[in-house]
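# Structure, please.
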Amino acid sequence: MAVYLVTGAAGFIGANYVQFLLAREPQVQVVAVDYIGFAGNMANLDPVLERITFENADIADLESMEAIYRRCRPDFVVNFAAESHNDRAILGPSSFMRSNAVGAQVMAECSRLVPVKSHVHVSTIEVYGELAAGERWFTERSALNAKTPYSAAKAAGDQMVRAYMQTYPQLNIRMTHCANNFGPYQLPEKLIPLAVTNVLRGRKIPVYGDGLQSRDWLHVIDHCEAVHRVLHAELGPTPAAAATDPGLLPIFDISARHEVTNLEIARLVVTELGLDPAEWIEHVPDRPNHDRRYVINPEKLETELGWRPSRRFEPEMAETVRWYRDNRDWWEAILADKGELGVDWSQLPAGTS
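Predicted coordinates:
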């Protein structure tokens with residue numbers, strides 16, 4: 001029986017992956033790791049809780065993680081664990097550096113010390129920074145040019161994983177970068193669930209600045225399918241030329257090639273709830289250092305591994321809005337525990353202006 005170790009398993013994408021994995025391969029053993037930080041929520045695993053082994057652990061703690069590896073002996077590792085919200089990273093960047101950079105190195109080290117069949121480090125489109133005017137998209141060959149505390153911490157983790165790829169060729173480690181995800185179980189600090197939950201509570205949707213920041217959107221299950229394909233792909237050894245060409249490293253960018261502005265997202269949410277966008281959207285002060293646009297090209301993943309997204313944006317957006325509408329108890333419990341998750345940048349904390 002194959003053993004999968006999934007970190008960040010109580011978060012948005014991690015929980016969706018665990019559920020996806022058990023639906024796809026019911027007989028596997030899943031070791032779900034999460035330290036239940038700000039974005040972790042055990043309720044996300046309720047549908048599969050009796051079918052997994054849960055470990056409460058911090059991926060940046062080498063001793064704890066190595067002990068889990070030696071006890072559970074995973075065959076496959078997927079590291080989703082990360083602090084992932086730009087707003088919170090501006091207010092407190094240190095925890096982001098610990099999880100996203102140190103945690104990435106600790107996970108790679110554990111897979112080196114206790115060998116696994118393959119290990120996927122899940123990263124983000126944001127490590128590439130802001131797309132220059134006139135450019136179509138980023139690719140796996142693009143320079144890492146992160147400019148926010150969150151994305152810089154992820155880029156630091158990426159650099160360490162890239163170093164492991166080339167320094168320890170026996171370690172079968174891969175990496176993905178993904179477009180913005182949407183779907184169920186996303187913490188309502190992110191744009192889509194924040195928009196839905198605000199309107200359902202009779203509040204307007206706060207749109208930063210002019211709302212024309214443009215993002216590449218992908219349904220979370222399409223992301224899970226892509227990660228699973230990368231995890232199990234038969235990849236040859238990394239060629240020596242990868243030392244100067246990162247496009248030759250086992251790195252795959254994931255996207256549905258669907259670009260939408262934040263303002264369009266807000267309008268779609270309001271319309272799906274049967275209301276007038278003109279009455280339910282308000283423009284608020286932008287956050288500091290807000291990336292204007294980023295898009296990635298999934299051609300390498302498509303051509304080398306045969307992956308394609310299977311979910312269309314518009315119907316899946318409608319279904320996502322309905323999920324938050326129909327699962328009010330889930331998000332009301334989060335708000336009762338954490339308080340309001342939006343940030344008012346008109347009241348700038350010291351040191352962020």
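# buried sites along the one helix or strand in the chain whose mean pLDDT sits lowest?
Least confident helix or strand of the chain, by mean pLDDT, DSSP states H and E, is helix 86-91 with a mean of 79. Residues 86-90 are the ones in helix 86-91 that count as buried (16 or more other C-beta atoms under 10 Å). All C-beta spots, glycine's among them, are computed from the backbone N, C-alpha and C.
# just stretch 84-103 next, same as before
84-90, 93, 96-103.
# which pair in these spans the largest distance?
Using C-beta to C-beta, the pair of the buried residues of stretch 84-103 lying farthest apart is Asp87 and Val102, separated by 21.7 Å.
# Name whatever forms a beta bridge with the closest residue to Asn172 other than its chain neighbours.
Leaving aside its chain neighbours, Asn172 sits nearest to Ser118 (4.6 Å; criterion: C-beta to C-beta, 6 or more residues apart in numbering). Ser118 forms beta bridges with Phe76, as assigned by DSSP bridges.
# shouldn't Ser118 be in contact with His232?
Yes - here Ser118 reaches His232: they are 7.1 Å apart, a contact under C-beta atoms under 8 Å.
# Spit out the residues that contact those two alike.
Phe76 (C-beta atoms under 8 Å, 6 or more residues apart in numbering).
# more neighbours, these two?
Ser118 (20 against 13; other C-beta atoms under 10 Å).
# so what's that one up against?
Ser118 sits next to 76-77, 172-174, 231-232 when contact means C-beta under 8 Å, 6+ apart.
# Same check on Glu282?
For Glu282, the contact set (C-beta under 8 Å, 6+ apart) comprises 204-207.
# how about the strands in the chain?
3-7, 29-34, 52-56, 76-79, 118-124, 173-178, 180-182, 205-208, 214-219, 251-254, 259-261, 281-284 (DSSP state E).
# returning to that earlier point: can you read off the pLDDT for the residue nearest to Asn172?
For Ser118, the model assigns a pLDDT of 98.
# Same question for the one 5 residues further on.
We have a pLDDT of 97 for Ser123.
# any idea how far it is from Glu63?
25 Å (C-beta to C-beta, to the nearest Å).
# Pick out whichever of these two has more residues nearby.
Shown here are Ser123 and Glu63; by other C-beta under 10 Å, Ser123 has more neighbours (24 against 8).
# how close does the more buried one sit to Ala10?
Applying C-beta to C-beta, the value for Ser123 to Ala10 is 19 Å.
# Give me the neighbour count for Asp337.
Neighbour count of Asp337, defined by other C-beta under 10 Å: 8.
# picking that back up, right, and the strands of the chain - which one's nearest Asp158?
When these are compared by C-beta to C-beta, strand 118-124 sits nearest Asp158, at 5.3 Å.
# Report how many residues lie close to Asp291.
Counted with other C-beta under 10 Å, Asp291 comes out at 19.
# Look up the closest residue to it, ignoring the ones flanking it.
Here the nearest residue to Asp291 in space, its sequence neighbours aside, is Glu130; by C-beta to C-beta, 6+ apart that works out to 4.6 Å.
# can you check Leu113 too?
Ranked by C-beta to C-beta, 6+ apart and with sequence neighbours excluded, the top spatial neighbour of Leu113 is Glu66, at 6.2 Å.
# Report the contact partners of the one you found.
Counting by C-beta under 8 Å, 6+ apart, Glu66 makes contact with 110, 113-114.
# got a winner among those residues for most neighbours?
Cys110 (25 neighbours).
# Isn't that one up against Asp61?
No - with contact defined as C-beta under 8 Å, Cys110 does not reach Asp61; the gap is 10.5 Å.
# Would you mind stating the distance between Val269 and Val343?
Relative to Val343, Val269 is positioned 19 Å away (C-beta to C-beta).
# Please apply the same query to Trp137.
Distance, Trp137 to Val343, by C-beta to C-beta: 29 Å.
# which residues does Pro93 contact?
By C-beta under 8 Å, 6+ apart, Pro93 lies in contact with 149-150, 153.
# 7 Å instead?
Shown in contact with Pro93 (C-beta atoms under 7 Å, 6 or more residues apart in numbering): Pro149.
# Please apply the same query to the one 10 residues further on.
Applying C-beta under 7 Å, 6+ apart to Gly103 gives the contacts 59-60, 81, 157.
# Neighbour-wise, which one of the contacts of Glu282 leads?
Neighbour-wise, those (other C-beta under 10 Å) top out at Ile205, 27 neighbours.
# Show me which residues of the helix ranked longest in the chain are buried.
In the chain, taking DSSP state H as the definition, the longest helix is helix 149-167. Buried residues in helix 149-167, counted by 16+ other C-beta under 10 Å: 149-158, 160-162, 164-165.
# of those, closest to Asp276?
Taking C-beta to C-beta as the measure, Tyr150 is the one of these closest to Asp276, at 33.7 Å.
# thinking again about what came up before, and Val269 and Val343? Which one has more around it.
A side-by-side neighbour count of Val269 and Val343, using other C-beta under 10 Å, places Val269 first with 27 against 22.
# my guess is the more buried one meets Leu194, correct?
No - look at Val269 against Leu194 with C-beta atoms under 7 Å: they stay out of range, at 9.4 Å.
# Buried residues of stretch 188-204, list them for me.
188-199, 204.
# Format those residues as TSV; extra columns: distance to Thr244.
Output for those, formatted as TSV (distance: C-beta to C-beta, whole Å):
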residue	distance to Thr244
Pro188	43
Glu189	39
Lys190	37
Leu191	38
Ile192	39
Pro193	42
Leu194	42
Ala195	44
Val196	46
Thr197	47
Asn198	48
Val199	50
Lys204	50
